[in-house]
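K.L.:
model the following, please.
(2 chains)
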Amino acid sequence: MTQKTFFLNMGPAHPAMHGVIRLILELEGEKIVKADVEIGYLHRAFEKHAESSTWNNVLPYTDRLNYVSPLINNAGYCLTVEKIAGLAVPERGQYLRVIASEVSRVADHLTCIGANAMELGAFTVFLYLMEGRELLYQLIDHLCGARVTTDYCRVGGVKGDLPAGFAEKCGEIFPKIRKFVADSEALLNKNRIFLDRVEGVGTISKEDALAYGITGPFLRSTGVPYDVRRAHPYLVYDRLDFEIPVGSRGDNLDRYLVRLAEIEQSLRIIEQCLKTLPAGPHSLAAREVKEAADFEDMGKRGNTALLPRCAAKTCRTLEGAGREHTSGILVQEPAAVLPPKEEVYGSIEGLMNQFEMVMWSWGARIPAGEAYQAVEGGNGELGFHVLSDGSDRPYRVRCRPPCLFIMSALPKLLRGSYVADVVATFGSVNMIAGELDR
Amino acid sequence: MTFAEFRQLKTEGYNVLIDLTAVDRSLYGVCQGPMGWERNFDSGAPAPRKERFELVYRLASIDPSTGLESKSRVEVRIPLAEKSPAFSVMSLWPNADWLEREVWDMFGIPFQDRPGIQRLLLYKEFVGHPLRKDYPLNKRQPLIGPESGELEGSPSFNIVRQEIPFE
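P.N.:
Next up is the predicted model:
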């Protein structure tokens, strides 16, 4: 009898293909001989869009990269731009970014574990964890006014300070999340049905994972304790105490366990931040712009101490004067910062300032330069490589999506396993199509 | 930079290709002002280089047991003139496979040892390489027909909208 293989097409609209991705499986019976991954169904030209938007306008697009943890993307992009401009965000702003990132990370992990468990039949776990995520979404809503499209960070700071009662709300929510996680652990960790599907399935070795450039919880599940927050500390992560949970076998079970353990670590980080949150401004102040005549008067009156904090406003329609002002606004000046929303909606000067900042070719200009900054995203190292040529728009924005590297190793993970394992393995790697296809 | 030098880096312990991307530098330092395309003199940006493209490789050496990087990261930049092919590093780092496909897809940079390279994110019928600076933002692409791209003028072709004159 000759053995024949046949092809099975999974996706792009399969219910277990979170988002849209197509797997072409070559099967021998139920065994996968070869797998091919086709991506790009959710390509939205993020990088091309970024080249034609002003520096601050790219930010909403970053929300849509990894839409399960958008706050981390916001922070990553802003950090990269600030690195080029040489801006240092006040300490409070850095703590706020850490808090926001970690809330987002917990939501990301809860979604991944919940969806993975549901696909393997544990619907109760899904409902528990989604309820936990809902609480976090309410927290995010409280913080930045939106649940998913958060847009919280700004170049030079964050959108706003913590709302009143944020710490108390965290204190209320976190025990509930810990309870949900504990319940899910109790339901799954010794569950034969679950273990049979995940234990020893989708295994990859340390060396292979590194060769494919995989980072994040996936890499840690193989036993490599690599974490961008520890290897290249950014924001204030070097002052915080957290552990890096690692697995040993690199199978689906380890990925699930590592994510579970990371939820606890992220909650700990937020609690520490809330305890040691320094007072002070959360963003760089937008530079006060005064009319040239006022400027002169101030000098005459002897208010010279205030002068360096202000910029003279000159008529931009005059070619010479206008040019100078536009070029002066950018270089390492906090004037690159959008004014706070309270000012925008509360005063005409604030509104004008905001309007000028977002207007075509009037906005902040970042000095020419190039930077790469990586942050620890929900799935691994999320890097932004930004190139500026001194204009009001980025010249090139490259996003290094952690998912892309995981997906390129997927054929290797699937080879030799069975069709039913595809759902378990694919769910455990937490592919986010928005980030994968950009 | 040659392939042998990449292999040398790999044997020195750079076991992870963190990223591979390209930059089209043809319009660097030239910004679109109110009077059309002009050189942005006050930006301090250097003049565009002779080579149009630049490939950027980012390498890291991650120790599997400690998870720390024993050496600092390396950034390799290869300038490339238009239509001159790059070489593939797929045999050293397997994830270069997809990254090179993406570079081909977005910039149209060919890889000499990968003649049949396929697009990664876009579809086969897509015309052009969108991250090149000369790819127009408002360009429309033919919708995909059953066999190949639809001909211009056919009902399913996405016709470019007429610009509404602005007063």
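K.L.:
alpha carbons only for contacts and neighbour counts from here, please
P.N.:
Noted.
K.L.:
please report the distance of A:Gly76 from chain B.
P.N.:
16 Å (CA to the nearest CA, to the nearest Å).
K.L.:
helix/strand/coil for the closest residue to that residue other than its chain neighbours?
P.N.:
Of all residues not flanking A:Gly76 in the chain, A:Val375 sits nearest, at 5.8 Å (CA to CA, 6 or more residues apart in numbering or on different chains). Using DSSP: H, G, I helix; E, B strand; the rest coil, the structure places A:Val375 in strand.
K.L.:
check A:Glu370 too.
P.N.:
strand.
K.L.:
what's the burial count for it?
P.N.:
By the other CA atoms under 10 Å in any protein chain shown criterion, the neighbourhood of A:Glu370 contains 19 residues.
K.L.:
distance of it from A:Ser283?
P.N.:
As for A:Glu370, its distance to A:Ser283 is 23 Å (criterion: CA to CA, to the nearest Å).
K.L.:
again, but for B:Ile62
P.N.:
The value you get for B:Ile62 to A:Ser283, if CA to CA is used, is 35 Å.
K.L.:
domain parsing of chain A, as residue ranges.
P.N.:
According to automatic domain parsing, chain A comprises the domains A:46-282+A:368-437, A:288-349.
K.L.:
just name the most buried of these.
P.N.:
Mean neighbours per residue, mean count of other CA atoms under 10 Å in any protein chain shown, is largest over the domains of chain A for domain A:46-282+A:368-437, with a mean of 21.
K.L.:
mean confidence score for that domain?
P.N.:
Across domain A:46-282+A:368-437, pLDDT averages out at 88.
K.L.:
which ones are touching the closest residue to B:Glu102 other than its chain neighbours?
P.N.:
Closest residue to B:Glu102 apart from its sequence neighbours, by CA to CA, 6+ apart: B:Leu120 at 5.3 Å. The contact partners of B:Leu120, by CA atoms under 8 Å, 6 or more residues apart in numbering or on different chains, come to A:38-40, B:98, B:101-102, B:105.
K.L.:
go through those and say which is closest to A:Val81.
P.N.:
Closest approach to A:Val81 among the contacts of B:Leu120 (CA to CA): B:Glu102, at 23.9 Å.
K.L.:
when B:Ile62 and A:Ser283 are compared, which one has more neighbours?
P.N.:
Looking at B:Ile62 and A:Ser283 with other CA under 10 Å, you find the greater number of neighbours at A:Ser283, namely 27 against 23.
K.L.:
Provide a list of residues in contact with the closest residue to the more buried one other than its chain neighbours.
P.N.:
Among residues not flanking A:Ser283 along the chain, A:Gly157 sits closest, at 3.9 Å (CA to CA, 6+ apart). With contact taken as CA under 8 Å, 6+ apart, A:Gly157 is in contact with A:89-90, A:93-94, A:282-284, A:337.
K.L.:
hmm, who's touching the strand or helix carrying B:Ala4?
P.N.:
If you go by DSSP states H and E, B:Ala4 is part of helix B:3-11. By CA under 8 Å, 6+ apart, the list of residues contacting helix B:3-11 from outside reads B:87, B:89, B:92.
K.L.:
count the residues that sit near the second one.
P.N.:
This means B:Val89. 18.
K.L.:
just how off-centre is stretch A:408-425 within its chain?
P.N.:
A distance of 27 Å separates the centroid of the chain from that of stretch A:408-425, by CA atoms, centre = their mean, to the nearest Å.
K.L.:
what lies in contact with that stretch?
P.N.:
Residues from elsewhere that reach stretch A:408-425 (CA under 8 Å, 6+ apart): A:16, A:30-37, A:116, A:119-120, A:197-198, A:201-204, A:209, A:212, A:252, B:95, B:98.
K.L.:
wait, does the one helix or strand A:Leu260 maps to make contact with chain B?
P.N.:
Take DSSP H and E as the rule and A:Leu260 turns out to sit in helix A:252-276. No - contact of helix A:252-276 with chain B (CA under 8 Å from any CA of the partner chain) is absent, the minimum separation being 15.2 Å.
K.L.:
quick one: contacts of the top helix by length along chain B?
P.N.:
Among the segments of chain B that qualify as a helix by DSSP state H, the longest is helix B:96-107. Residues from elsewhere that reach helix B:96-107 (CA under 8 Å, 6+ apart): A:408, B:17, B:19-22, B:24, B:88-90, B:109-111, B:117-122, B:129-132.
K.L.:
would you check that B:Leu131 makes contact with A:Lys48?
P.N.:
Yes - using CA atoms under 8 Å, B:Leu131 makes contact with A:Lys48 at a distance of 6.1 Å.
K.L.:
can you give me the end-to-end distance of stretch B:3-17?
P.N.:
End residues of stretch B:3-17 are separated by 14 Å (CA to CA).
K.L.:
over to stretch A:357-373?
P.N.:
For stretch A:357-373, the end-to-end distance is 25 Å (CA to CA).
K.L.:
just list the residues touching the residue of the stretch 101-250 of chain A found nearest chain B, thanks.
P.N.:
Nearest residue of the stretch 101-250 of chain A to chain B: A:Tyr226, at 4.1 Å (CA to the nearest CA). By CA under 8 Å, 6+ apart, the contact list for A:Tyr226 reads A:215-216, A:219-220, B:62, B:66-68.
K.L.:
where do the strands sit along the stretch 51-200 of chain A?
P.N.:
Counting by DSSP state E, counting those that start in this stretch, the stretch 51-200 of chain A has strands at residues A:153-154, A:157-158.
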